[in-house]
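Enquirer: Based on what follows, work out the 3D shape:
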Amino acid sequence: MAIEFKDERKAGRLLAVEDGTKVGLIAYFVLAEAPHALVAVHTIVEPGHEGRGIAGQLVKTFYGIAAAESVPVVPLCPYAASWAAKHPDEAPAAPVEVVAAAKAQLDADSDLW
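Expert: Residues are numbered from 1 along each chain as shown. So this is what the prediction gives:
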């Protein structure tokens, strides 16, 4: 069965769903200031679903959503950052000032993460 991706923006997560079951997610937030980057904080694959490329598909989809919205991605999640480094053609680097703003917002909202 194919994996579907559902962007639950208000909840701050991109879900990977297979046969009605959540198999993974990216927890994220939208940068409060323009350019309203999408900031990946955690990438999670549910137990029993590891090793199938779900995390990579999530990150690729996340970058696709950002591209469609013409906003950068700030991959603060170690997995997302590693994926981005391996796929520079699909994961353009965010401007330094946007990364700094994302880190500041994450620090200010650290009780949420």
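
Enquirer: Flag every buried residue along the helix ranked longest in the chain.
Expert: Counting by DSSP state H, the longest helix found in the chain is helix 54-69. Judged by neighbour count (16 or more other CB atoms under 10 Å), helix 54-69 contains these buried residues: 54-63, 65-66. In this view, the C-beta of every residue, glycine as well, is placed from N, C-alpha and C.

Enquirer: for stretch 88-104, same thing?
Expert: If you call a residue buried by 16+ other CB under 10 Å, then stretch 88-104 has these buried ones: 91, 94, 98-99, 101-102.

Enquirer: Count the residues that sit near Trp83.
Expert: By other CB atoms under 10 Å, 22 other residues sit near Trp83.

Enquirer: so how far is the strand or helix carrying it off the chain centroid?
Expert: Trp83 is part of helix 78-86 when elements are defined by DSSP states H and E. Using CA atoms, centre = their mean, to the nearest Å, the distance from the centre of helix 78-86 to the centre of the chain it belongs to is 10 Å.

Enquirer: Using CSV, write out the CA atom coordinates for that helix.
Expert: As requested, C-alpha coordinates have been extracted for helix 78-86 and formatted as CSV (Å, rounded to 0.1, in the frame of the first residue of the first chain):
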residue,chain,number,x,y,z
PRO,A,78,19.4,16.1,12.7
TYR,A,79,17.8,13.6,10.3
ALA,A,80,16.3,16.3,8.1
ALA,A,81,19.7,18.2,8.1
SER,A,82,21.5,15.0,7.1
TRP,A,83,19.1,14.3,4.3
ALA,A,84,19.3,17.9,3.0
ALA,A,85,23.1,17.7,3.0
LYS,A,86,22.9,14.5,0.8
